[in-house]
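S.K.: What shape does this take:
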Amino acid sequence: MKSKFWLPPLLLSILVNVNVLTNQFVWDDVILIEQQFPGFQTLRDVLFPDLTIFQISKNYYRPLITLSFLWDQTLWNQEPFGYHLTVFLFHIGNTLLVFFLSRQLLPDHPMKNWIALLSSSLFAVHPIHTESVAWMSGRTDSISAFFMFFSMFCYSKYNEKNSFGFLVFSTIFLFLALCGKEVAIALLLLFPFFDFIQRRDVQKTGHSPQSPNLFTYLLPGVALLSYYALRHAALGSSIGEMQWKIPTEKNVFLDIILIAGFYLKKLLWPFNLQAFIPEIPNDLSHWIISIVLLVCFSILFGWAYWKKHFLITFSLTWVFLSLSPSLLVAFSSVSKTPLAERYLYIPSFGICLLTGFLLVQLFQSSVFKQTFSRINQILFMTLMIGLILIPWSWTTYLRNQVWSDNIAFWTDLTQKIPEYGLPHNNLAHAFIGEGRFQEAERELNLALQSIYEDFGKSLASSSLGNLYRVKGEEGKAEALLLQALRFNPSNHEALFYLGNIYFDRAERAAHQTQQKQDDLEKAAEYIGKSIAIHPLFPEGHYDLALVLRQLGKQKEARFHLEKVISLSPDPTSIRVKNAKMLLNSPLGEIPSP
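M.R.: Next up, the predicted model:
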C-alpha cells in the first residue's frame, strides 16, 4: 500500500498503551489463573466446561476467551507480561481494523483516508478502553471486537463485490465474535440495516450495492444458531442461570434513560474513570446530562436518516445496537454492578468514526475555508485535533498505570467510593501480599463497617480472621471465622482457615494426646468441607494431606497430594515440590506449605 495513513494510529496505539506490558495481575486475574484454569485441560473442557469450577459463571459462554487464556498459560505460565501482551496486540489490531473498516465504509469518498486516520487515531487512545486493555481479564471486549470488525469489513466487501467468499468469511468471524462475547449478536441486526441504508442512500454513497439474497442472512443466522446450540449444550440452557431484576415498568424506563446517558457521557467525556460502579447515578446533574444527550443523539440520528447521510446513520446505529446488551445487564444477575466502562470498548468505534467524519466534513466545508486563510485552517485543524488526542492520550497513559498492581488499583477505588466495602477488602488482600498487615487490618475493619452484602462481609471477616490467626490471636481469629460462616456458610476460605487453627493447635501439642487427636480430626473436617465446596483448591488439598498423614491415613493423604500436583498452575512451586517429596517419603518431617 502506497499511502501510510494507517501508520499514525498504529504508533499512537503502541506508544499510549505500551505501559500496560509492565502491569501485574489485578482483581480477578489470580482467581482465573490459580483456581479456574486447572479445570481446563482439553479442548472439550473449553467447549463444555465443568460448571462446578470455582466462581465460574453459568451466564457466560465464551470459549474463545478461555482458549486465549490457556494459550497464554502455555506460553507464559504465570508471567503477567505475556498475558498483557496478548491484549495489547489485540488492541493494536483493532486500531488497524478500525482504519480499514472506516475506509471500506466510504469507498468513494475523496477524504476516506483522512476520515479513517482520524477515526482510528481516536480509537487508539480513547481512555474508555483502559479497562479492556490494561486489565488482563478484561480482554473479552477487545477480542470480540477484533472479530466483529473483521466480520463487518467482510460483509461490506461482500455487499460491494458480490463475492460469496466474503460472506463466508464474515459468517466465520461473526461466530468467533459470538464465542468471544454475546454482544456480537448486534451484527445480526446491523447487517440488514446496513443493506437497507446503503441501497436507499445509493445517490449519497456513490456506488450501487448488491441486493440481498437467500444466503445473505441465512449464513449469519446459522452462525448464531451454532453458537446457541453449543451454549445450550454447555450451560444446560440458552441463557444459563440469568435472572431478571426488573422493578416497575416506570422505573425500568427511567433507569434506561440514566444508564444510556451515563454511557453516552463516558463515550464523549472519558474522564474520572472508575472500574467498579455499584449503582446507577441518580443526581439532578446526571438527569439533565442524560436527557440532553439522548435528545441530541436522537435528533442527529433522525436528521441523518432523513437526509440520507449513510455514515452518520451507520455510526449511531453501531453505537446503540452494540450498547443495547449492556443496558439489559443492569436488570439481570449477570454482573455484580449495573454499569461497567469496559462495555463501551465496542460501541466506541461508532463514536470515533462519527467524530472523525464530522471533523473532516467541517474542515472541508465552504464556510470553514472562507472564514480562515490556508495557514489558519491548518493551525485550527491541528488545534482541534490536538485538543482531543492529547488529553485522551495522557488520560489513557495515566489510567493504565492505575491498573499496574492491586495496591494502586484498589487505592484508587477506595478514594472514589470509600463508603463501599469491596475496595477496602481487596486493598487489604493486596497489603497482606506485601506484608503490610497493619494497613490490611485497617482496611478489613473499614470493609466490615461499609456498605457490603453478606457475601462480601463474609469474605472480609474470613480475611481478618486469618490475619489474626497469623498474628497468633486465635480467639479473635476463630470468632471472626465463625462470623464469616454465619454471613455465608459456603465460604470455603473461612472453613480452610478454621481447619488451620485446629491444625496449628495440634502441631503445638508435644505428645500424642486425645486433645491433639481431636484437633486433627476437627482440622480434617473443616478443610474437607472447604475442598467439598471448592474441589480445585490446591492449598486445601495440600493442608488436608498434611493433616491426614498425622492421622495415619496415608492412602487418603496420597490422593490429595496427587491433586496438589495436578491442580497447581505452577509446576515449579514450592508446594508442588513438597507434595512430590511427601509422595516419595514415609511419615516423618512435614514441609511447611
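S.K.: ok, how many other residues are close to S566?
M.R.: Around S566 there are 15 other residues, counting by other Cβ atoms under 10 Å. The C-beta positions use only the backbone N, C-alpha and C, and glycine is treated the same way.
S.K.: Would you check how far apart the spatially closest residue to F372 that is not a sequence neighbour and L268 are?
M.R.: Excluding the flanking residues, the one nearest F372 by Cβ to Cβ, 6 or more residues apart in numbering is F380, at 5.9 Å. In this view, F380 and L268 are 21 Å apart by Cβ to Cβ, to the nearest Å.
S.K.: Who has more neighbours out of the two?
M.R.: F380 (15 against 12).
S.K.: Show me which positions of the helix or strand hosting that one end up buried.
M.R.: Using DSSP states H and E, F380 maps to helix 374-402. The neighbour-count check on helix 374-402 (16 or more other Cβ atoms under 10 Å) flags 381, 385, 388-389, 392-393, 395-397, 399-402 as buried.
S.K.: Spit out the contact partners of F314.
M.R.: Residues near F314 by Cβ atoms under 8 Å, 6 or more residues apart in numbering: L105, F194, I197, G350, L353.
S.K.: Pull the distance from stretch 195-202 to the chain's centre.
M.R.: Computed by Cα atoms, centre = their mean, to the nearest Å, the chain-centroid distance of stretch 195-202 equals 35 Å.
S.K.: how about the strands in the stretch 1-150 of the chain?
M.R.: Read by DSSP state E, counting those that start in this stretch, the stretch 1-150 of the chain holds no strands at all.
S.K.: Please, where are all the helices along it?
M.R.: According to DSSP state H, counting those that start in this stretch, the stretch 1-150 of the chain carries its helices in the segments 7-17, 29-30, 43-47, 63-76, 80-105, 112-125, 130-134, 139-161.
S.K.: avg pLDDT for the second one?
M.R.: I take that to be helix 29-30. The pLDDT scores in helix 29-30 average 86.
S.K.: Could you tell me how far it lies from the centre of the chain?
M.R.: Averaging C-alpha positions (Cα atoms, centre = their mean) puts helix 29-30 12 Å from its chain's average.
S.K.: try the fourth one
M.R.: Per Cα atoms, centre = their mean, the displacement of helix 63-76 from the mean C-alpha position of its chain is 15 Å.
S.K.: Identify each buried residue in stretch 293-309, please.
M.R.: Neighbour-count burial for stretch 293-309 flags L293, F297, L300, F301, A304, Y305, H309 (criterion: 16+ other Cβ under 10 Å).
S.K.: List the contacts of that stretch.
M.R.: Contacts with stretch 293-309, where a contact means Cβ under 8 Å, 6+ apart, come from 197, 200-201, 203-204, 257, 260-261, 264-265, 268, 312-313, 316-317.
S.K.: Go again with 7 Å.
M.R.: Stretch 293-309 is contacted by residues R200, D201, K204, I257, A260, G261, L264, K265, I312, T313, L316 when judged by Cβ atoms under 7 Å, 6 or more residues apart in numbering.
S.K.: re earlier: export the buried residues of helix 374-402 as JSON lines, with columns for distance to T52.
M.R.: JSON lines is the format used below for the buried residues of helix 374-402 (distance: Cβ to Cβ, whole Å):
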{"residue": "M381", "distance to T52": "58"}
{"residue": "I385", "distance to T52": "53"}
{"residue": "I388", "distance to T52": "48"}
{"residue": "L389", "distance to T52": "48"}
{"residue": "W392", "distance to T52": "44"}
{"residue": "S393", "distance to T52": "45"}
{"residue": "T395", "distance to T52": "42"}
{"residue": "T396", "distance to T52": "39"}
{"residue": "Y397", "distance to T52": "41"}
{"residue": "R399", "distance to T52": "36"}
{"residue": "N400", "distance to T52": "36"}
{"residue": "Q401", "distance to T52": "37"}
{"residue": "V402", "distance to T52": "34"}
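S.K.: Kindly indicate which of those residues lies nearest V133.
M.R.: N400 (7.3 Å; Cβ to Cβ).
S.K.: Quick check: the closest one touching A134?
M.R.: Yes: using Cβ atoms under 7 Å, N400 is in contact with A134, at 4.5 Å.
S.K.: Now list whatever residues contact both of the two.
M.R.: Contacts common to N400 and A134, judged by Cβ under 7 Å, 6+ apart, are V20.
S.K.: next helix or strand past the helix or strand harbouring Y263?
M.R.: Here Y263 sits within helix 249-268, counting by DSSP H and E. Using DSSP H and E, the helix or strand that follows helix 249-268 towards the C-terminus is helix 284-306.
S.K.: what angle do that next one and helix 249-268 make?
M.R.: Angle of helix 284-306 versus helix 249-268, following axes from the mean of the first three to the mean of the last three Cα atoms, to 10 degrees, is 80 degrees.
S.K.: Low-confidence stretches in the stretch 401-550 of the chain?
M.R.: For the stretch 401-550 of the chain, applying pLDDT under 70 flags the ranges 510, 512.
S.K.: What's the per-residue pLDDT of S592 here?
M.R.: Listed pLDDT for S592 reads 47.
S.K.: just L118 next, same as before
M.R.: 96.
S.K.: excluding its backbone neighbours, what's nearest it?
M.R.: Using Cβ to Cβ, 6+ apart, the nearest residue to L118 is G356, at 3.5 Å.
S.K.: burial of L189, as a residue count?
M.R.: Residues lying near L189 (other Cβ under 10 Å) number 13.
S.K.: Which of the buried residues of helix 374-402 sits closest to T66?
M.R.: Nearest to T66 among these, with distances taken as Cβ to Cβ, is N400, at 24.9 Å.
S.K.: Packing partners of the helix holding Y263?
M.R.: Helices and strands touching helix 249-268, by 3 or more Cβ pairs under 7 Å, 6 or more residues apart in numbering; DSSP states H and E, are helix 284-306, helix 310-329.
S.K.: what is the mean pLDDT for the shortest one?
M.R.: Along helix 310-329, the predicted confidence averages to a pLDDT of 91.
S.K.: tell me the angle the helix holding Y263 makes with helix 310-329.
M.R.: In terms of direction (the same axes, to 10 degrees), helix 249-268 departs from helix 310-329 by 130 degrees.
S.K.: Pull out the buried residues from helix 249-268.
M.R.: Residues of helix 249-268 classed as buried: 254-267 (neighbour count, 16+ other Cβ under 10 Å).
S.K.: which outside residues touch that helix?
M.R.: So helix 249-268 is contacted by 128, 246, 280-282, 286, 289-291, 293-294, 297, 323, 326-327, 330-331, 339, 341, 344, 347-348, 351 (Cβ under 7 Å, 6+ apart).
S.K.: if we can go back for a sec, of all the buried residues of helix 374-402, which two lie farthest apart?
M.R.: Maximum distance among the buried residues of helix 374-402 (Cβ to Cβ): 32.3 Å, for M381 and V402.
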